[in-house]
Structure formats: structure tokens, C-alpha cells
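# any chance you can model this:
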Amino acid sequence: MTSSHTFSLIELLTIVFLLTIVITFIFSAIPQSNKNIKISGVSIGIVFSWFGTFILGTPDLVPKFNSNEIITLSVSFLFLGLFLDLNPKLNKLFIWIVLILAGMITIIWMLNEVKFYSIFILIGWITLQIKLQREPIQNNKTISTAELIIVFSAIGLGLIAWTNNLLVDRDLAFGLSSICSAFYLCSKIRPNILNGFSIILIGGGAVFMIIIRLIEQYPSLTPSIILLGFILFIDRNIIYLSKKYRICSTMPYLINFTILASIPIALSFLTAKITSELTIG
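Numbers count the residues shown, from 1 in each chain. The predicted structure follows:
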């Protein structure tokens, strides 16, 4: 494994899973004067930054403009998300300006230049942010899908990276999936653990940065990533299927999401596999 000479990838994923649970519960126990403050998601940023440092090594004291600065940018997303969560009364227009600027800076920072396809990557970032903030309603219950979108997107990205022997990106993606799975579990155990901009910026930002790394190394993976993007629209499919088929309305949301998410994941994996074989050939 490229993750470490000491730990296997499975051991690392288990460690970050348990560590996320501990830190999330610690943050959820902090008294909060405003019920709209949602800071538990900071745990994702803390653990992912540590995990990324373990995989990539300690960042340079003076950050460089390239795709290896994922840790520096993750820490920046952490503080930005915390700031937005601690100020829930901020104007929505201001928040969106901040989110778009964050996406633009990330793209320029990681690519070290503005390329012709940067605008499409930025559109992808905006779409991701919109979908992560969306909370669909099923059976008269509001459901947050942010963690599920990040978890399954990360799994798909990990498989795409694996097919092309990009082991560092595979480890980062699977690590992110493990971390967000732990946070999702915590949110089901304790109802005061809510989604905020911390998880949206940190989790979504990590997915976004891994995508940029993959496209930069292998532009031919773009079709696979586009197919994987259909995970963002699963919530609408679940609503439609729940209205049409009774069995879908009675099944837990997690089961519905998992079944539907497996389709774009499988298609993106097969596409990446074919692309890899053609490239080698």
C-alpha cells in the first residue's frame, strides 16, 4: 500500500472512522447558544487534514501552486466553513459569493493557471454546492443528503483512481468516504449533530480537489467523472420512485440511496476501466 509502511489502507480507514466518531461527539457536546450553529462537521476537516498529511506528507511552510496542496486547501476550507457556521445570519448572497470565490481560488491554485476547461470545473463546483445544501423531503421528513453524496462520490472516485493505479488519490478518496460515513453514523445517533457549511465546504471541497487531481493527471477520466456526477441527482429520483412504487416509499432512505448510487458508480468504474485498457493498449 502507498498509504504507509506501518499501516495498511484498511487499518487507516478504520482509524479515521473511529477518530471521526470521537471528535464529532466532542464537538456535539459543546454548548451552543444558537440552535442554528452547526459546528460538528469540523471533525471531518480535522480528520481529513490529518489523514491527508499522513498520505501526502507534511505540507511546505510556503504553499506551492499545484494539485499537491490539497491539505493546505482543506485546512482553509475548514476555517471558512467554521466561520460560516458560526455566523448563521449572514446574507445568502454574501455566502454564495464566498463559495464561488472559494471554488475559483481552488481551481487556479491547484492547476497553477486558468485553462480553457476551468469554467466547466467551476460550474461543477457550483452544482456540487447547490446539491449538498439541498434537503429533500420524504414521508414528511426533511432529509439531509450531503454526507451520502460525499460518501458515495468518494467511493466512486476511489475506484476510478484505482483502475488507473493512482494509489494516492485512491487512498484520499476512500479515506474521505470513511470519514463522512462515520459522521453520518454520528448524526443518526445524536439528533443535535447537524449539517452545516463545515461539511459542505470540507467534504465537498475534498471531493472537488480529488476530481481536479484526477483530471489533471488523466484527462481521459473526464467521462467517468461526469457519469459519477449523476449521484448528485439521486434525491430527485428517490422522490419520483417513492411516489410511483410503494416499496420505495417504505424502504429506508439510506437503502434507496445506496441502490441508486451503485448505478453511476458501476458505470463510471467500467468507463474508467475501459479507458485505462485503451490507454495501455
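# what secondary structure does S144 sit in?
In three-state terms, and counting by DSSP: H, G, I helix; E, B strand; the rest coil, S144 is coil.
# what's the nearest residue to it once chain neighbours are set aside in contact with, if anything?
Once flanking residues are discounted, S144 sits nearest to N195: 4.7 Å by Cβ to Cβ, 6 or more residues apart in numbering. In short, each C-beta sits where N, CA and C put it, glycine included. Contacts for N195 (Cβ atoms under 8 Å, 6 or more residues apart in numbering) come out as K38, G41, S144, A146, E147, S187.
# what's the helix or strand for the last one?
Okay, so that is S187. helix 167-189 (DSSP states H and E).
# how far away from the center of its chain is that helix?
Chain-centre distance of helix 167-189: 8 Å, with Cα atoms, centre = their mean, to the nearest Å.
# do you know how far the nearest residue to S181 once chain neighbours are set aside is from I21?
In space, S181 comes closest to V151 once its chain neighbours are excluded; the distance is 5.3 Å by Cβ to Cβ, 6+ apart. V151 sits 15 Å away from I21, going by Cβ to Cβ, to the nearest Å.
# helices along the stretch 101-250 of the chain, start to end?
Applying DSSP state H, counting those that start in this stretch to the stretch 101-250 of the chain gives helices spanning 118-133, 146-163, 167-189, 197-217, 222-228, 234-244, 246-250.
# what's the shortest one packed up against?
Contact here means 3 or more Cβ pairs under 8 Å, 6 or more residues apart in numbering; DSSP states H and E; on that basis helix 246-250 packs against helix 234-244.
# re earlier: and for the residue nearest to S181, the neighbour number?
Neighbourhood size, V151 [other Cβ atoms under 10 Å]: 25.
# please look at it and G175 and confirm they touch.
No. V151 is beyond contact range of G175, at 11.6 Å (criterion: Cβ atoms under 8 Å).
# hang on, the earlier thing: export the contacts of N195 to JSON lines and tack on distance to T222 and neighbour count?
As requested, the contacts of N195 are exported to JSON lines (distance: Cβ to Cβ, whole Å; neighbours: other Cβ atoms under 10 Å):
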{"residue": "K38", "distance to T222": "34", "neighbour count": "25"}
{"residue": "G41", "distance to T222": "29", "neighbour count": "29"}
{"residue": "S144", "distance to T222": "29", "neighbour count": "18"}
{"residue": "A146", "distance to T222": "24", "neighbour count": "23"}
{"residue": "E147", "distance to T222": "26", "neighbour count": "24"}
{"residue": "S187", "distance to T222": "33", "neighbour count": "21"}
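# can you check the pLDDT for I143?
We note a pLDDT of 59 for I143 in this prediction.
# ditto for Q32
64.
# again with K243
80.
# quick one: neighbours of it, just the number.
By the measure other Cβ under 10 Å, the count of residues near K243 is 10.
# please name the nearest non-neighbouring residue to it.
S249 is the one closest to K243 (Cβ to Cβ, 6+ apart), at 7.5 Å.
# just S177 next, same as before
Nearest one to S177, counting by Cβ to Cβ, 6+ apart, is A154 at 3.8 Å.
# need the contact list for the one you found.
So A154 contacts A173, F174, L176, S177, C180, A206, V207, I210 (Cβ under 8 Å, 6+ apart).
# try it again with 7 Å
A173, F174, L176, S177, C180, V207 (Cβ atoms under 7 Å, 6 or more residues apart in numbering).
# can you tell me how far it is from T271?
Look at A154 and T271: by Cβ to Cβ, they are 18 Å apart.
# buried residues in the helix or strand where V16 lies?
Using DSSP H and E, V16 sits in helix 9-28. By 16 or more other Cβ atoms under 10 Å, the buried positions in helix 9-28 come out as 9, 12-13, 15-17, 19-21, 23-24, 27-28.
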